[in-house]
Each structure stands twice: as C-alpha cells, then as structure tokens.
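1. Take a look and give me a structure for this.
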Amino acid sequence: MRELKIFCRHSLSGHGTASRREFWWAVVMVYAIGLAMIVGLALAQSYGWQAIVTVQLPTLRLTDRLILMVAWALLLSVKVRRLHDLRLSGWWVVLNAIPVLGALAMTVAGCWPSRAPQIRAVK
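-> Predicted coordinates for the structure are as follows:
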C-alpha cells in the first residue's frame, strides 16, 4: 500500500524513480478502477452482463474511451519514473504511441530489475 501512496503523491510528476512494485501496483489499481467504472456505468444504463462481456455498449463507447484515456494519462508519470529507475530517458515512453510495441516495451520495463542506486529519489 505504500507504493499506492507514493503513486498518488507523485502522479503528476515525472521526476524521480518508480520501483517495479510501485509501477505494477499503479497499473493494476488504475485499470481495476477504470474497469469498475465502465462496468458500473453499463449496469446503470441497464445493459446486461452479456453486453458488457461482449463489449456491445454503443452509448458507452465514448465514455469508456475517455475513462481509459484518463487512466493512461495517470500512468504516464509512473511509466516515466519507471524508465528513470532503469537509467533510461523518460522520452522512451513515446513508444506507447505504437499500439503493440509500446505495450510490450512497458511490460518489459516493468519487469526489468532496477538499475538505479539503492537510495531512492522518491520517498
């Protein structure tokens, strides 16, 4: 839970580093909250579970995309800080603009061991 506090405190900053643990906690929590919001909106508009599972939500297409865009924007800072932890430039986050390659690159970056010194810049 300490990692989530760090993520919330530094969610709009690209300075410092993010450990693997902080990175994965942030990714899981932001996407879980986004998914819960999309399902909640779908159920509030009387869509059944079948429509939710098969993604047949015509009136929610814009809303769910907006929710996922906000989630992506929130994760942008933790991705940059994770790259800093690997001693890479934060500009490598631009790879996310390439659909499959970007996701694959950030997954690898999230799994790679830290290369930063033991003293963390973000506490």
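
2. Now do the contacts for Ile33.
-> Ala71 (CB atoms under 8 Å, 6 or more residues apart in numbering). Using the backbone N, CA and C atoms, a C-beta is placed for each residue, glycine as well.

3. what kind of secondary structure is it in?
-> Recorded secondary structure, Ile33: helix (DSSP: H, G, I helix; E, B strand; the rest coil).

4. What's the separation between it and Ala103?
-> Using CB to CB, to the nearest Å, Ile33 is found at 19 Å from Ala103.

5. Ok, Leu74 next?
-> For Leu74, the distance to Ala103 - CB to CB - is 16 Å.

6. Between those two, tell me which one has more neighbours.
-> Shown here are Leu74 and Ala103; by other CB atoms under 10 Å, Leu74 has more neighbours (18 against 12).

7. Just the pLDDT for the more buried one.
-> What the model reports for Leu74 is a pLDDT of 80.

8. Show me what the helix or strand containing it is packed up against.
-> Leu74 belongs to helix 61-85 when assigned by DSSP states H and E. In this structure, helix 61-85 packs against helix 20-44, helix 99-111, with contacts taken as 3 or more CB pairs under 8 Å, 6 or more residues apart in numbering; DSSP states H and E.

9. run the last query once more with 6 Å
-> In terms of contacts (3 or more CB pairs under 6 Å, 6 or more residues apart in numbering; DSSP states H and E), helix 61-85 is packed against helix 20-44.

10. where's the helix it packs on relative to the chain centroid, distance-wise?
-> Centre-to-centre, helix 20-44 and its host chain are 9 Å apart (CA atoms, centre = their mean, to the nearest Å).

11. mind listing what's buried in it?
-> By neighbour count on 16 or more other CB atoms under 10 Å, the buried set for helix 20-44 is 20, 22-27, 29-30, 34, 37-39, 41-42.
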